[in-house]
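Trainee: Got a sequence here, can you build the structure:
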Amino acid sequence: MRNPKTPSIEQIEPKDELALPASEKKDVFILSLDGGGMRGLISTAVVSGFIQILKEKGFERTIPEAFDMVAGTSTGGLIATALTCPSMLGRTAEQGPALASADQLSNIYLLYGNDIFSEAVPSILNAVSDKYSPRKFESLLQLWYGSTMFSSCVIPTLVMGYNATSGLPFPMASTENRTLYSWEVSRATSAAPTYFPPFQLGNQLIVDGGVIANNPSLYAYRYARTLWPKCRRIHILSVSTCGAIYRYQSMATYGISSWTSVYKVYASAQQQTADEMMECLPDADYVRIYKELKDKIDMDDTSEETLLRLQQSGNDLLKQFRPALEAFADRLIAVKDPSRNEPEPSMEPIQKRLSFIQRLRSWVKR
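Mentor: Residues are numbered from 1 along each chain as shown. This next block holds a predicted model:
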């Protein structure tokens, strides 16, 4: 059975006209954020850079002001929630709760990464237990969000989880999940198998959304279609954490022991599947920000050297994809600020789409 707190995507319908933009909106802009633990530092660098690009173009906006929706999985779900839901992240009691910026979230990774991944379970118990206790992590989430409900998100926000009890995807939507606290959503989406234990909601066990959609773009697209059924085009800026593609070496797939890391194969495969499928959707303007890191970086690596590398990787990614980010910014501004009287850019010269049949043919020829 599906947890009654979270309906399927098909059941989600706009209910609050004040909370949801007009259903006849022609263009919808979505920020989609991948999972990847501490590699979320790469994502925050890219998001911060994109906001700066908008500012340079004379369009100074926050993420909730620029985008119609934000989606995230695991560490991306943490970022998505913090960007759209008021919290005490980086704030004092006198200041009160507010929305976090990407720059503030970068600092949170640097300041609290060690705390989150510090309370390790003795290695002798790893075979029967998860690597870390969630105690400190949950305490931080409760400190930051308190009793704030997930429905407090200022724009529609989708955070992915997986219901390990029912064996079903567990999409958590701010427009529909009226009984979930923001800290619960954040804890559930980041319950990475082998790292943290599942999060219990009622009699359901929820694990990291990366099990089903480390790149949540497809679910974001599907959710947006329920909120804005008449929209002409869905623009998705999909920001990765640049995880390495898991590859086996020649004969290394022989024997049961060689497949102990099979979940890493699944993660790489489903991420590439999301990319392939998104590019087949004729009404989707899908911009993927991804480059495979040369060196593997574990999601719980909080060493000073690694943090510096992640920050540098984020800056390098921003520089490499700046033309694509600027083009996406131009399309966003043309729609969001019609007072400039600039013609809306055509999608044809920007991104030519192969039909699904053409793509299938190209696969067959590989």
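
Trainee: now the strands for this protein?
Mentor: For the chain, the strands defined by DSSP state E occupy 27-33, 69-73, 157-163, 168-173, 199-201, 204-208, 233-239, 284-289.

Trainee: For the shortest one, buried residues please.
Mentor: Taking 16 or more other CB atoms under 10 Å as the basis for neighbour counts, the residues of strand 199-201 that come out buried are 199, 201. Placement of C-beta: from N, CA and C, glycine included.

Trainee: Please enumerate the helices of the stretch 51-200 of the chain.
Mentor: 63-66, 75-84, 102-116, 135-145, 182-189 (DSSP state H, counting those that start in this stretch).

Trainee: got the angle for the second one vs strand 69-73?
Mentor: Same thing as helix 75-84. 150 degrees (axes from the mean of the first three to the mean of the last three CA atoms, to 10 degrees).

Trainee: how distant is helix 75-84 from the center of its chain?
Mentor: 7 Å (CA atoms, centre = their mean, to the nearest Å).

Trainee: which other helices and strands contact that helix?
Mentor: strand 27-33, helix 40-56, helix 63-66, strand 69-73, helix 102-116, strand 157-163, helix 182-189 (3 or more CB pairs under 8 Å, 6 or more residues apart in numbering; DSSP states H and E).

Trainee: what mean pLDDT would you report for it?
Mentor: Across helix 75-84, pLDDT averages out at 97.

Trainee: ok, now the longest one?
Mentor: Confidence over helix 102-116, taken as the mean pLDDT, stands at 93.

Trainee: So what touches it?
Mentor: Applying CB atoms under 8 Å, 6 or more residues apart in numbering, the external contacts of helix 102-116 come out as 38, 40-41, 44-45, 47-48, 51, 63, 79, 82-83, 89-90, 100, 132, 136-137, 140, 302, 307, 311.

Trainee: buried stuff in it?
Mentor: Neighbour count says helix 102-116 has 102, 104-106, 108-110, 112-113, 116 buried, by 16+ other CB under 10 Å.

Trainee: Quick check: pLDDT value at Asn163.
Mentor: Asn163 is assigned a predicted lDDT (pLDDT) of 96.

Trainee: One more: Arg353?
Mentor: As predicted, Arg353 sits at a pLDDT of 49.

Trainee: low pLDDT regions in this structure?
Mentor: Across the chain, the ranges flagged by pLDDT under 70 are 1-24, 119-130, 246, 248-264, 266, 341-366.

Trainee: That'll do, ta.
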